[in-house]
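Novice: When you get a sec, could you give me coordinates for this:
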Amino acid sequence: MKKKIAGVTLAYAEAGEGFPVVLLHAFPLNKAMWEFQRRELSRDYCIITPDFRGHGESEVAAEDSTMEALAEDLHGLLAGLGIERFVLGGLSLGGYVSFAFYRKHSAQVAALILADTRAQADTPEGRQERAKLIATAEEKGASAVAEQLLPKLLGATTRTSRPEVVAYVRELIHSTSVPGIVKALRGMAARPDSRPLLPQITCPVLILVGEEDTLTPPADSEAMAGAIPGAQLEIISQAGHLSNLEQPVAFTNHVRSFLAHVLGGQV
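Specialist: Below you'll find the predicted structure:
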């Protein structure tokens, strides 16, 4: 399904009925990474998984994909669908966008799910690494980006014992356009520090992180959980940065338990 929001055609999938739950994908993947969660959770909830601009089936915009622009895309998409209040979940880049959305539209967020992400902005070294990856994308294409990112996106357990997951993530990255990759990297490099926001978050929060995540390690999630009042932290064993793909059952069970607890009679 697609909708035109502020001049950009955005793709999304929607499944199930009940209280809306929005899941935002990681970089440089797309909504397909949520296939298992969409199938399982749509038995009880309305699951909405958008493609960010420049990813999946969504158009590339002229400007960089800042976190604020992606958040406003989401705001426009949900308004077009008539959805005013929902649970917002994001993994990695999806978490960065969740912070940007909450900063401006907190009244719409019934609860937050922050997976394998972090609140702090990029360090100068981190921005340099993104600049190098931009050069790789422009010179060698998405396939070179995939080979550079795969060892970081997936945990050691997955890389050695689950070749089908490695192949699937590689395929998703290959499907992302170079302009989409470049504009998202620039947007992530420019994102603000969200740590001052954390104590102001008043909705229920679930924080999930792979035990083997080296990009946004458990220490980052522990710091977020300590700064957000009442946040729940779950560390997923034998999973790296893409914990929902590497350990889909454990990830989904944590999300299902959290939703049942915080939504209660709203289901």
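Novice: can you give me the helices in the stretch 151-267 of the chain?
Specialist: 156-161, 163-174, 178-189, 218-227, 243-246, 248-263 (DSSP state H, counting those that start in this stretch).
Novice: Comparing the ones you listed, which comes out most buried?
Specialist: Across the helices of the stretch 151-267 of the chain, averaging neighbours per residue (mean count of other Cβ atoms under 10 Å) puts helix 243-246 on top, at a mean of 28. C-beta here means a position set from N, CA and C on the backbone, and glycine is covered the same way.
Novice: re the thing from before, for A6, find the nearest of the helices of the stretch 151-267 of the chain.
Specialist: helix 178-189 (15.2 Å; Cβ to Cβ).
Novice: and that closest one with helix 163-174, angle?
Specialist: 100 degrees (axes from the mean of the first three to the mean of the last three Cα atoms, to 10 degrees).
Novice: now for helix 178-189, which elements pack on it?
Specialist: The contact analysis (3 or more Cβ pairs under 8 Å, 6 or more residues apart in numbering; DSSP states H and E) places helix 178-189 against helix 67-80, helix 93-105, helix 124-140, helix 142-153.
Novice: tell me what the shortest one is packed against?
Specialist: So that's helix 142-153. Using 3+ Cβ pairs under 8 Å, 6+ apart: helix 142-153 touches helix 124-140, helix 163-174, helix 178-189.
Novice: Mind putting those helices into a markdown table with mean pLDDT?
Specialist: A markdown table is the format used below for those (pLDDT from 0 to 100):
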| stretch | mean pLDDT |
| --- | --- |
| helix 124-140 | 96 |
| helix 163-174 | 97 |
| helix 178-189 | 97 |
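Novice: mind putting the ones you listed in a markdown table, distance to R256 included?
Specialist: Listed next are the helices and strands packed on helix 142-153 as a markdown table, based on distance: least, Cβ to Cβ, whole Å:
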| stretch | distance to R256 |
| --- | --- |
| helix 124-140 | 33 |
| helix 163-174 | 21 |
| helix 178-189 | 29 |
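Novice: between the ones you listed, which one is nearest to H261?
Specialist: helix 163-174 (28.9 Å).
Novice: Now do the closest one: everything it contacts.
Specialist: 28-30, 32-33, 142-143, 145-146, 149-150, 153-154, 158-159, 242, 245-246 (Cβ atoms under 8 Å, 6 or more residues apart in numbering).
Novice: Those residues, buried ones only, as a ChimeraX selection?
Specialist: Filtering the contacts of helix 163-174 down to the buried ones (16 or more other Cβ atoms under 10 Å) takes a single ChimeraX command:
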select :28,29,30,32,33,142,145,146,149,150,153,154,158,159,242,245,246
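Novice: Would you tell me what the next helix or strand after the worst-scoring helix or strand of the chain on mean pLDDT is?
Specialist: Taking mean pLDDT, DSSP states H and E as the measure, the chain has strand 2-5 as its least confident helix or strand, at a mean of 87. Downstream of strand 2-5, the first helix or strand assigned by DSSP states H and E is strand 8-15.
Novice: average pLDDT across that following strand?
Specialist: Average pLDDT, strand 8-15: 96.
Novice: what pairs with the next helix or strand after that strand, and is each one parallel or antiparallel?
Specialist: Counting by DSSP H and E, the next helix or strand C-terminal to strand 8-15 is strand 20-24. The pairing partners recorded for strand 20-24 under DSSP bridges are strand 46-50 (parallel), strand 86-91 (parallel).
Novice: ok and the shortest one relative to strand 8-15, angle-wise?
Specialist: In other words, strand 46-50. Using the same axes, to 10 degrees: strand 46-50 against strand 8-15 is 150 degrees.
Novice: can you offset everything so residue one is 44?
Specialist: From this message on, residue numbering opens at 44, which makes the last subject strand 89-93.
Novice: Dump strand 89-93 to CSV, restricted to CA.
Specialist: Provided in CSV are the C-alpha atoms of strand 89-93 (Å, rounded to 0.1, in the frame of the first residue of the first chain):
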residue,chain,number,x,y,z
CYS,A,89,-3.2,-3.6,14.0
ILE,A,90,0.4,-3.7,12.9
ILE,A,91,1.7,-0.9,10.6
THR,A,92,5.2,-1.1,9.1
PRO,A,93,6.2,1.8,6.8
